[in-house]
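A.B. asks: I need the structure of the sequence given here:
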Amino acid sequence: MKSNRTPFIISWTCQLVAAGILAQTLFFKFSGAPESVYIFSKLGIEPWGRWGSGVAELVTAILLVIPATSAWGAFFALGIMGGAILSHLAILGIVIQDDAGLLFGLACLVAVTSAIVLVIQRDRFQPWQILRSKI
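C.D. replies: The predicted structure follows:
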């Protein structure tokens, strides 16, 4: 009997897309690229916010590509991108320094792909089991 590999392929595709986007932005955050400095200065958290978000995104990208932790990576990516999307909508605006909304669109894409991974892997993502095992 053949198993349906479609969810597996969709999940891996979404994991790689999200991890790739998160990893690609690390250079800009850690090198102090003018766009990153501008964004985090406008948010009032430069440089610590830039470095902290870079570390969080690095850890999240790694979690996304490890099968045993990919659901957690998707969970963290969704949270990080939720913050990025809210920052765009409330403070930064969708278009930043004539980027035509690229950063906002990438944040939305990572959020959507992460949500898809969580839906597909919902049986593997049960954070309450960690609490039960400690009690």
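A.B. asks: residues touching residue 25, list them.
C.D. replies: 54, 57, 106 (C-beta atoms under 8 Å, 6 or more residues apart in numbering). Quick note: C-beta positions are derived from backbone N, CA and C, even for glycine.
A.B. asks: typo on my end, residue 115
C.D. replies: So residue 115 contacts 74, 78 (C-beta under 8 Å, 6+ apart).
A.B. asks: one more: residue 71?
C.D. replies: Counting by C-beta under 8 Å, 6+ apart, residue 71 has contacts 117, 118, 121, 122, 124, 125.
A.B. asks: residue nearest the centroid of this structure?
C.D. replies: Centroid-nearest residue in the chain, with C-alpha atoms, centre = their mean: residue 77, separated by 2.9 Å.
A.B. asks: tell me the contacts of that one?
C.D. replies: Contacts of residue 77 (C-beta under 8 Å, 6+ apart): 18, 22, 60, 64, 110, 111, 114.
A.B. asks: could I get those residues as JSON lines with distance to residue 88?
C.D. replies: Listed next are these as JSON lines, based on distance: C-beta to C-beta, whole Å:
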{"residue": "18", "distance to residue 88": "18"}
{"residue": "22", "distance to residue 88": "16"}
{"residue": "60", "distance to residue 88": "18"}
{"residue": "64", "distance to residue 88": "22"}
{"residue": "110", "distance to residue 88": "13"}
{"residue": "111", "distance to residue 88": "11"}
{"residue": "114", "distance to residue 88": "17"}
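A.B. asks: so which of the contacts of residue 71 wins on neighbours?
C.D. replies: residue 117 (28 neighbours; other C-beta atoms under 10 Å).
A.B. asks: thought it was touching residue 11?
C.D. replies: Yes. Here residue 117 reaches residue 11: they are 5.4 Å apart, a contact under C-beta atoms under 8 Å.
A.B. asks: what touches both of the two?
C.D. replies: Common neighbours of residue 117 and residue 11 (C-beta under 8 Å, 6+ apart) are residue 70.
A.B. asks: chain neighbours aside, what residue packs nearest to residue 63?
C.D. replies: residue 73 (3.1 Å; C-beta to C-beta, 6 or more residues apart in numbering).
A.B. asks: coming back round to it: I'd like the contacts of residue 71 as JSON lines, with distance to residue 28 appended.
C.D. replies: As requested, the contacts of residue 71 are exported to JSON lines (distance: C-beta to C-beta, whole Å):
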{"residue": "117", "distance to residue 28": "24"}
{"residue": "118", "distance to residue 28": "26"}
{"residue": "121", "distance to residue 28": "29"}
{"residue": "122", "distance to residue 28": "33"}
{"residue": "124", "distance to residue 28": "32"}
{"residue": "125", "distance to residue 28": "30"}
